[in-house]
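In: Here is a sequence together with a model predicted from it:
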Amino acid sequence: MGMLDHEYQASSAPLSTSEFENRLREKGHLYHIHHPFHIAMHQGRCSKTQIRAWVANRFYYQSNIPIKDAAVLANCMDQATRREWVQRILDHDGRGEDPGGIAAWIHLGEACRLSREDLLSHRYVLPGVRFAVDAYVNFARRATWQEAACSSLTEMFAPEIHQNRLDSWPRHYPWIDTNALGYFRKRLSEARRDVDHGLSVTLAHFRSAEQQRKALNILQFKLDILWCLLDAISMAYVYDRPPYHHLGRDQELWSHSV
Ligand SMILES: O=C(O)c1cc(C(=O)O)c2c(n1)C(=O)C(=O)c1cc(C(=O)O)[nH]c1-2
């Protein structure tokens, strides 16, 4: 298992809270910010088709985050936690005057010349992306709410990736209206707030050495999901191996309706 070995070694002494937090944060070296597709995107090496493919596929993740958070609420008997957690659903679905994150992502899609219908139909969602995202939602359905809170902690590493996009996209992809990057701006503060809550739940709940190892493995599972998502996109749009490529294709984006 190479670099992951330490998570499986039996040890009975729990880490101190700060050591445990450090170990969770060290997982940042496996964040998808280091995936070759993301590096190419930040360096301006993505084609318009590759950007469109990423935006259309990532929309499936966006669409499922509120479903995932509703599953967390459904498993949580603690009213104080629900009061705080429900904000995550409102962040994405919006409320009152606030159109929310899903609407902001659709705006991004339209700026990339994808229609609302292209996004909402999920017609460009690759099977590998679907499976990875569904695994996250299904995990939140079956896990305890504290385990699900722990799985959201990849967001510790998200502000940096959103900031990178805000910094590099206007330079590299001037064909995308910068007003459409509002989603990334919005997430900078929302992700920090989510992490404060998710981290306090995780540090308080996972106390024994065994539980701490479990938490680290849950975080690894979530890192795997994000990494697999980009692997699926790379397979189709970098290596030109979309599903059923033996049939050939005559369109810009792979679509499940072919
Ligand atoms: O753009 C990204 O790289 C990225 C990563 C993640 C993440 O680390 O899970 C989230 C988001 N964005 C995001 O926008 C978002 O709303 C979000 C919610 C969650 C979660 O696990 O509850 N992760 C993420």
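Out: That came through, no problem.
In: From here on, just use CA atoms for contacts and neighbour counts.
Out: OK.
In: Could you report the separation of Cys150 from His197?
Out: 10 Å (CA to CA, to the nearest Å).
In: Between the two, point out the one with more neighbours.
Out: Cys150 (28 against 16; other CA atoms under 10 Å).
In: who does the strand or helix carrying the more buried one touch, helix- and strand-wise?
Out: Secondary structure assignment for Cys150, by DSSP states H and E: helix 145-151. If contacts are counted by 3 or more CA pairs under 8 Å, 6 or more residues apart in numbering; DSSP states H and E, helix 145-151 sits against helix 48-74, helix 127-142, helix 182-205, helix 209-237.
In: residues near Gln79, how many?
Out: 10.
In: Could I get the pLDDT score of it?
Out: Looking at Gln79, its pLDDT reads 98.
In: so how far is stretch 219-228 off the chain centroid?
Out: Put simply, stretch 219-228 sits 9 Å off its chain's centre (CA atoms, centre = their mean, to the nearest Å).
In: cool, stretch 60-76 as well?
Out: Relative to its chain's centre, stretch 60-76 lies at 12 Å (CA atoms, centre = their mean).
In: Please renumber the chain so that the first residue is 619 from this point on.
Out: Taking 619 as the first residue, the last one we looked at is stretch 678-694.
In: Distance of the nearest residue to Leu834 once chain neighbours are set aside relative to Ala658?
Out: Excluding the flanking residues, the one nearest Leu834 by CA to CA, 6 or more residues apart in numbering is Leu642, at 6.3 Å. According to CA to CA, Leu642 stands 26 Å off from Ala658.
In: who's more crowded, the two?
Out: A count of neighbours by other CA under 10 Å puts Leu642 above the other of Leu642 and Ala658, at 24 against 13.
In: correct me, but that one touches Ile836?
Out: No: at 10.2 Å, Leu642 and Ile836 do not qualify as touching, with contact defined as CA atoms under 8 Å.
In: How about the contacts made by Ser733?
Out: Ser733 makes contact with Gly727, according to CA atoms under 8 Å, 6 or more residues apart in numbering.
In: Backbone dihedrals for it, both of them.
Out: Dihedral angles of Ser733 (phi, psi; degrees, to the nearest 10) stand at phi -80, psi 160.
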